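In: Below is the structure, and that's it, no one-letter string:
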């Protein structure tokens, strides 16, 4: 993609109304645009990152048999009354229309998927069933000061599983744990599997926490792997596994997994006929991943004083091609070669100074940078760098030099 | 995909609370699930169709240089006051939160994209610019009785173009006309380019109308190609081009194209510096396509008394494989061969009667059907049919027979 054809407008200064580093950098580097507190648009660069994250999540969820659906944003009040959450759910956006219909804007979809599943599940032959969606969610956060770590409007992947009994749920829960581990590894996020509240319906749930000072959760953890959210820890100073002193860190919850058991099957009477012809309750699990939150977390973890440093798996482009001075024709050849090799490249073809191009490149943070300068040609050397690392081969250096000498 | 692993639950009877044919068929065939009037979930089969439609739209929009972004659903009241539409826009869903913030749920995105574009456009070098999104829209329709032809919550592709003058806008407008023609051809929808109101800001706009009795618009049209929406026709009984008597038909508007000119650049002061250093207003176009509405329209056009008949380009699967009786092993071989050839196939591996399988297949409407029966084997013949047409080759018939004889 040519920079001159792609809408990127970087800012030298961070916007004054943002406190969070992720929002400051993402706005400065032209990935997002702020509409209101906790509400952002995703610009072309930013949407590319979101889609890369989505694709990794979808691939791993489909490996564990997730099937995609799409549920609405507008949830009738009756569905939320059925579970008693119309009054109790924190931060629920509610609408009352002129003709007195009342809706919630979906902050989660148990109230919708359970009646939906009732239409799909009749007998044991329909189980297990794994349905997921990637959908916009809404929460009226009282303080939305963490950029896209905690938006009022945000993207989530939510997977719901339906089982014939708690044993089967238990097994799938462990499978999701592994799938999530794979997802976060591919996203280059180091996560801590953290014990958290299971609500009224389960002993424990698990959160995938990324330790960063930007996090709003407090995690007690030990080198042995034990980790527990402060919410459920009571005066525990030492690891229950190895008796070491626990460390305390801030964390961002990028994923969570819940055994819902029959909490939602109960109010909606989600039953099935088993092999003996008896009516039984369906057991459920629910498994969330914050897509936009992950993007913000990656920025909080991968940055330096000059800007963002995207991991390759989620970067909007793989390579950033920068040409200086009078050697545009060389750069054009390299650009065409990279395109031919299906390498996603952003080619800065603007007529601006070297300094501006490099500053933008540092800010935007595309992992591989190819710099083509007079020096390159005379010295038969191409600078091809990954920030903070030694030279990396993206395409054969010799081939690049050959192209430039032609 | 094996039917036994894929959540499809067909209904023999249409739901009593639906009047529209598209909703009746889509619910019966397990493509959508009704949550409330005008609000539907897309089940696995239905989401596949939506994504096929989306992909065709995206491909053609990117050919005319559209770049994808994603804008929010929650629109601050101030943005809509800026254009005066907070009070005047029909069917605007409005929320007031506990802390007295007011939002509209986006029914269209001019109020958001124009301030966003202000952050991207400074000089003539930034123009032209073409931004589009596929996003959920909301309209509080007083009567939502047309299934997914007129939802309260629906998916749209909206493209906004930004130009240095009206000439450039004019040229792009004609380019979009051709792109839309290509899109609807690929979707197998015969559309009529119909003159419609240009609002207060343009002489005319154009709608792409599909003539079907399910449509809520009235179109006057002539065999010569002339078509005009009844909204803007006054006592015209004869074609202004060829003086023939005009026909009157119902139509569904599946796309519309608008020259906004400076209507929204004005209130938001969206300007740019031209080559002479002068400040000029940006000219805008806006171009919509109803993704969910298209799905409903296709069902209204392509059906018979037994169910839906999907055009191949949007069908959830290309082939429906049905096996009878004791020859499951043959069917398995054919299924594996189809998968090997990357043919999207739904394989009905359920242990139910021939009649039920055929009825479901007729209802779901996958274009190619492969029936494997005892007769097939003894007669060395495979039934491979497209409803209403003669036998069509999907994979080589001989190969199929060979596989079954093995």
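Out: That came in fine, so what should we check first? Note that this is a predicted model, so its numbers are computed, not measured.
In: where exactly do the strands run in the stretch 301-406 of chain A?
Out: Shown for the stretch 301-406 of chain A, the strands assigned by DSSP state E, counting those that start in this stretch span residues A:303-304, A:307-308, A:319-323, A:345-348, A:368-372, A:383-386.
In: Now do the first one, average pLDDT.
Out: Within the predicted structure, the mean pLDDT of strand A:303-304 is 94.
In: list the helices and strands that strand packs on?
Out: Using 3 or more Cβ pairs under 8 Å, 6 or more residues apart in numbering or on different chains; DSSP states H and E as the contact test, no helix or strand touches strand A:303-304. C-betas here are computed from N, CA, C, even on glycine.
In: ends of stretch A:215-228, how far apart?
Out: Taking Cα to Cα, to the nearest Å, stretch A:215-228 runs 15 Å from one end to the other.
In: Identify all contacting residues around it.
Out: Stretch A:215-228 has contacts (Cβ atoms under 8 Å, 6 or more residues apart in numbering or on different chains) with A:146, A:149-150, A:192-196, A:207, A:209, A:211, A:229-231, A:233, A:236, A:239-242, A:244, A:246-253.
In: Can you tell me which of those are buried?
Out: A:146, A:149-150, A:192-196, A:207, A:209, A:211, A:229, A:239, A:246, A:249, A:251-253 (16 or more other Cβ atoms under 10 Å in any protein chain shown).
In: Can you pick out the ones from those that are in helices?
Out: Among the buried ones among the contacts of stretch A:215-228, none falls in helices (DSSP state H).
In: near chain B, from those residues?
Out: Applying Cβ under 8 Å from any Cβ of the partner chain, the subset of the buried ones among the contacts of stretch A:215-228 adjacent to chain B is empty.
In: burial count for whatever residue of the stretch 301-406 of chain A ends up closest to chain B?
Out: When distances are taken as Cβ to the nearest Cβ, the stretch 301-406 of chain A reaches nearest to chain B at residue A:350, 8.4 Å away. Here the number of neighbours of residue A:350 (other Cβ atoms under 10 Å in any protein chain shown) works out to 16.
In: For it, give me its contacts.
Out: A:3, A:4, A:357.
In: Just the buried ones from those, in PyMOL syntax?
Out: In PyMOL, a selection of the buried entries from these looks like this (16+ other Cβ under 10 Å):
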select buried, chain A and resi 3+357
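In: How far off centre is the longest strand along chain A?
Out: Counting by DSSP state E, the longest strand found in chain A is strand A:247-261. Centroid displacement of strand A:247-261 relative to its chain, using Cα atoms, centre = their mean, to the nearest Å, is 14 Å.
In: The helix or strand just after it - contacts with which helices or strands?
Out: Sequence-wise, the next helix or strand downstream of strand A:247-261 (DSSP states H and E) is helix A:265-268. If contacts are counted by 3+ Cβ pairs under 8 Å, 6+ apart, helix A:265-268 sits against helix A:110-118.
In: Quick check on residue A:41: phi, psi?
Out: phi -90, psi 150 (degrees, to the nearest 10).
In: OK, contacts around it?
Out: Counting by Cβ under 8 Å, 6+ apart, residue A:41 has contacts A:32, A:33, A:35, B:69, B:70, B:71, B:72, B:112, B:116.
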